[in-house]
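sequence first, predicted model second:
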Amino acid sequence: MIRFSNLIQLQPVITMSKIKQPSFILYFSFLLLLISIVSCSTQRKIIKAPIKEEGADYLFKKLKEHELKYSWFTAKFSAEYSNKGQTNSFNGQIRIHKDSVIWLSFSPAFGIEVFRMILTQDSVKFINRMNNTFFAGDYNYVNHYLNTNIDFDILQSFLTGNDLSFYENGKFRAGIDNGIYKLVTAERMKLKKFVRNRQENLRVLIQTIWIDPQSFKITHADVKEIREPNIQLEARYSSFEEIENQLFPKDMSFDISASNNLSVTVSFNKITFKMAQGFPFKIPQNYRPVK
């Protein structure tokens, strides 16, 4: 009986001297050529083809098709706020019932809540636990204090990376800017059913939206109000991840350009779109109103 070890011993020992040099060189050259062909093919797949020119109607339709679909939005976040040369970091929670309520809770690093806010379509309320104060009013106070021009719809859209919901679509112009699509409109007005006092609350926005040509998600957006030309709200979105079968930007940055510029960067985690949440908000009896 021939053992396996003996079979190994019977095999001829192949050395470089026994290989015909021309054959070896030819084989090696063929291998290199094959590798280069595969490599070039891979590179061709990586290089993206130039995006095609598309009309505004097509881009706006694709934007709406790929926007975040949700009834509830819940997440935790870390944020950094910069204003007048001062920077503060904090953590928090956010809960949104679409088109209805935005609830925010802010805590510094040691985890004790210091500020809570609840917003609806026409009201703003907050409690400040650091100085035992509260506010219950409308967006006029917030916009005057921050020198902004936000409302519920703008805030909700910026926080979810979606387009505005309660504004007329207007007439958009389409273009390409640095390899991504761009939509611009100067005639975006708030829908009449959300305007109570037309003279005071009628808003006409200049809006620019940058759209990724692959995902059709908003990567950059800014809003100006025609009657407030010196105020600009700008949002940027990155780190898109698939969450519950939808793409969501986990990192956001917001800039308000006005008399006092301020910036906020936000990183979200523990995001869900399906879980209904409550909006606890109670003003303690010993808290005094903000004047």
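Alright, I've got the coordinates.

residues contacting the nearest residue to Asp99 once chain neighbours are set aside?
Residue nearest to Asp99 in three dimensions, not counting chain neighbours: Ser165, with 6.5 Å by C-beta to C-beta, 6 or more residues apart in numbering. In this view, the C-beta of every residue, glycine as well, is placed from N, C-alpha and C. Residues in contact with Ser165 (C-beta atoms under 8 Å, 6 or more residues apart in numbering) are Asp99, Asp153, Gln156, Ser157.

any idea how far Lys224 is from Val184?
Look at Lys224 and Val184: by C-beta to C-beta, to the nearest Å, they are 11 Å apart.

what is in contact with those two at once?
In contact with both Lys224 and Val184: Ile206, Gln207, using C-beta under 8 Å, 6+ apart.

more crowded one of the two?
Taking other C-beta atoms under 10 Å, Lys224 and Val184 do not tie; Lys224 has more neighbours (20 against 17).

need the contact list for that one.
Counted by C-beta under 8 Å, 6+ apart, Lys224 has contacts Leu205, Ile206, Gln207, Ile231, Gln232, Leu233.

any idea of the pLDDT on the fourth one?
What that stands for is Ile231. What the model reports as pLDDT for Ile231 is 82.

grab the nearest non-local neighbour of it.
Nearest non-adjacent residue to Ile231, counting by C-beta to C-beta, 6+ apart: Ala258, 4.8 Å away.

the one you found reaches Leu233, doesn't it?
No - assessed by C-beta atoms under 8 Å, Ala258 is found out of contact with Leu233, at 9.2 Å.

quick one, which of the two is more surrounded?
Leu233 (22 against 16).

for that one, which non-adjacent residue is closest in space?
Nearest non-adjacent residue to Leu233, counting by C-beta to C-beta, 6+ apart: Val223, 4.7 Å away.

next secondary structure after the regular element (helix or strand) spanning that neighbour?
Using DSSP states H and E, Val223 sits in strand 218-225. Later in the chain than strand 218-225, the nearest helix or strand by DSSP H and E is strand 228-243.

mind listing the strands the helix or strand following that next one pairs with, and their directions?
Sequence order places strand 246-257 as the next helix or strand after strand 228-243, per DSSP H and E. Here strand 246-257 has these sheet partners by DSSP bridges: strand 228-243 (antiparallel), strand 262-272 (antiparallel).

mean pLDDT lowest for which of those?
strand 228-243 (a mean of 89).

give me the contact list for it.
147-150, 154, 158, 161, 215, 217-225, 247-259, 267, 271-273.

for Pro284, what are its contacts?
Counting by C-beta under 8 Å, 6+ apart, the residues that Pro284 touches are Ile127, Asn132.

does it lie in a helix or a strand, and which?
According to DSSP H and E, Pro284 maps onto no helix or strand at all.

do you know the pLDDT at it?
For Pro284, the pLDDT comes out at 95.

which of the contacts of strand 228-243 are buried? Put it as a ChimeraX command.
In ChimeraX syntax, the buried subset of those is picked out as below (16 or more other C-beta atoms under 10 Å):
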select :147,148,149,150,154,158,161,217,218,219,220,221,222,223,224,225,247,248,249,250,252,253,254,255,256,257,258,267,271,273
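
before we move on, back to that, now the residue nearest to Asp99: how far from Lys52?
Taken as C-beta to C-beta, the span from Ser165 to Lys52 is 28 Å.

returning to what we had before: and the furthest pair within the contacts of Lys224?
Spatial extent of the contacts of Lys224 (C-beta to C-beta) is set by the pair Gln207 and Ile231 at 13.4 Å.
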